[in-house]
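S.K.: Need coordinates for the below:
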Amino acid sequence: MALVKGAGVGMVLGRSAGNSTPFGAAFAANFSTRPPQKDFFVFSSLLARLHKSKAKLFADSVLLMKNTVLQIDVIASNRLKQINSLSGMYGQIYGSERLKAFASALVKSFRLRSRHLLLGATVFQASSFDWDEMRASETDIIKYSQQIDNCKELTMKTLTCQKCQKRLCIDKEVEGVDYCRCKDSPKSVYGLHSENVDGWTPFLERKDILVWRKEHPTMKGMYFYKMYGKFDDVTADEFIQVQTDTSDFRMEWDNSTAKCSVVDKKTSSDQEIYYWEVIWPRFFANRYYCCSRQLVHNFDGGRTVLISKSAQHQKCKDNQSRSVVGVEDYESILTVQPATSSDQMGLEFALSGFENPGVKLPESVITWVAIRGMPEFMGNLRKACLQYRKKKEVENYPPHQLAKSTETSSNDENSYIGGSTRMYA
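M.R.: A predicted model of the protein is given here:
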């Protein structure tokens, strides 16, 4: 039928041109004389080539896809290796908690978009905080209240000459102290171990301050610290007030504090949760502390005990700044005893504590930081008490309204790592 139609078309075209017989006859004769087997062979050959080209195109496409997938796999593998290497490096520099900060940023972004939903979760988590679990037992409070007596006993066993009963020198002599001059006495008892003192060794002495330390049993290079001090120009009330203050006044006299605020409290038991962010030098992430603090007044002869320990509270996470590392292992115990009464001049205090800042530093750096940082902080705290009293007497202002002090500390952010011995929160 197709051949007939082709011949008909040829004849029609031939007639329309005015010369139907030669053109139409020649076309019909030529087409009719070709053998059918030859046409079928040509068609089959074309069809085979078409299938072959199609198969080749499909094979080339599959090969291209395989090569692309392999290339992506190689690139992804290299990226994962780089990320693993970077994570190890950042883990050494910033501490393991720094890596969690990146994920925390994503969580915060989601939190902003789901504010109403997370608000309900926050209220639920805050209300479910276990205050009783964080409250110190009566046995612990009795033990903490005896810290001042323990420090005096340490002084007798580690810093007193058994012959002349005068003081032994730790790292350098302090004005106003009568030191031992016996010929066979050591020139320095720094780091010297004594019997029956539970591993405490003399560490440093400054004006009105003595410090001991002992190494952590499992974390080598990290230490527990114990400080004893005696101030005759400060009242116990002023000392406790300034120590527990979380207003802007704290950042005026303590230049290592970036943020400090109470986020939750239980008035009936004198407990509160505070968020505290400490500035670290360049190349280190700032540290933040979420702590439960309990204040026990007039215990055991007028002594006051202040207990601070690491805690987990949702409102601390809400106050957390970006790119800061949380210090999860922190403890500070402060015991204050007035010389006469809490509103009169003169006090003794004992302060003990430990923290793991989340990054391992050389022991020499830790020692240098502690020697420089702790005395400077206590000196600034003492000056802040005097400033607080002066402003309170003249203007009767609460701490958060105090004018900024004109006395500035000599240290800056590069002078010492402010968060590595923060046992005094």
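
S.K.: Look at the nearest residue to residue 219 once chain neighbours are set aside and say how many residues are nearby.
M.R.: Nearest residue to residue 219 in three dimensions, chain neighbours excluded: residue 356, at 6.6 Å (Cβ to Cβ, 6 or more residues apart in numbering). Using the backbone N, CA and C atoms, a C-beta is placed for each residue, glycine as well. Residue 356 has 16 neighbouring residues, counting by other Cβ atoms under 10 Å.

S.K.: And residue 199, by the same measure?
M.R.: Residue 199 has 12 nearby residues by other Cβ under 10 Å.

S.K.: Then residue 207?
M.R.: 14.

S.K.: Go ahead and confirm it touches residue 173.
M.R.: No. With contact defined as Cβ atoms under 8 Å, residue 207 does not count as touching residue 173 (11.3 Å).

S.K.: Show me what the residue nearest to residue 219 bridges to in the sheet.
M.R.: Applying DSSP bridges to residue 356 yields these beta-bridge partners: residue 329.

S.K.: how about it, what does it touch?
M.R.: 219, 222, 327-330 (Cβ atoms under 8 Å, 6 or more residues apart in numbering).

S.K.: What score does it have for pLDDT?
M.R.: We have a pLDDT of 90 for residue 356.

S.K.: Could you do residue 98 as well?
M.R.: Confidence score, pLDDT, at residue 98: 52.

S.K.: Next: the one 5 residues further on.
M.R.: Residue 103 is assigned a pLDDT of 59 by the prediction.

S.K.: measure the spatially most central residue of the chain to residue 366 for me?
M.R.: Centroid check for the chain by Cα atoms, centre = their mean gives residue 325 as the closest residue, at 0.7 Å. Separation of residue 325 from residue 366 (Cβ to Cβ, to the nearest Å) stands at 17 Å.

S.K.: How about residue 133?
M.R.: 31 Å.

S.K.: which one of these two has more residues nearby?
M.R.: Neighbours were counted for residue 133 and for residue 366 using other Cβ under 10 Å; residue 366 has more, 19 against 8.

S.K.: would you list every one of the strands in the stretch 251-400 of the chain?
M.R.: Using DSSP state E, counting those that start in this stretch, the strands of the stretch 251-400 of the chain run over residues 257-266, 271-278, 286-299, 303-310, 324-326, 329-338, 345-356.

S.K.: Parallel or antiparallel, list what pairs with the fifth one.
M.R.: For strand 324-326, the paired strands and their directions (DSSP bridges) read strand 286-299 (parallel).

S.K.: cool, and the first one?
M.R.: The strands beside strand 257-266 in its sheet (DSSP bridges) come out as strand 271-278 (antiparallel).

S.K.: I'd like to know the average pLDDT value across the strand it pairs with.
M.R.: 94.

S.K.: tilt between it and strand 303-310?
M.R.: Orientation of strand 271-278 against strand 303-310 (axes from the mean of the first three to the mean of the last three Cα atoms, to 10 degrees) gives an angle of 60 degrees.

S.K.: and residue 367, what does it touch?
M.R.: Not one residue lies near residue 367 by Cβ under 8 Å, 6+ apart.

S.K.: Residue 241 is in contact with residue 342, correct?
M.R.: No. Look at residue 342 against residue 241 with Cβ under 8 Å: they stay out of range, at 10.3 Å.

S.K.: pLDDT weak spots in the stretch 51-200 of the chain?
M.R.: 81, 83-127 (pLDDT under 70).

S.K.: Enumerate the helices of it by residue range, in sequence order.
M.R.: 96-113, 115-127, 131-134, 138-145, 147-158 (DSSP state H, counting those that start in this stretch).

S.K.: end to end, how far does stretch 186-196 reach?
M.R.: With Cα to Cα, to the nearest Å as the measure, stretch 186-196 spans 20 Å from end to end.

S.K.: Just the pLDDT for residue 301.
M.R.: So, for residue 301, pLDDT stands at 75.

S.K.: I'd like the distance between it and residue 164.
M.R.: Taken as Cβ to Cβ, the span from residue 301 to residue 164 is 31 Å.

S.K.: Kindly report the same for residue 214.
M.R.: On the measure of Cβ to Cβ, residue 214 and residue 164 end up 27 Å apart.
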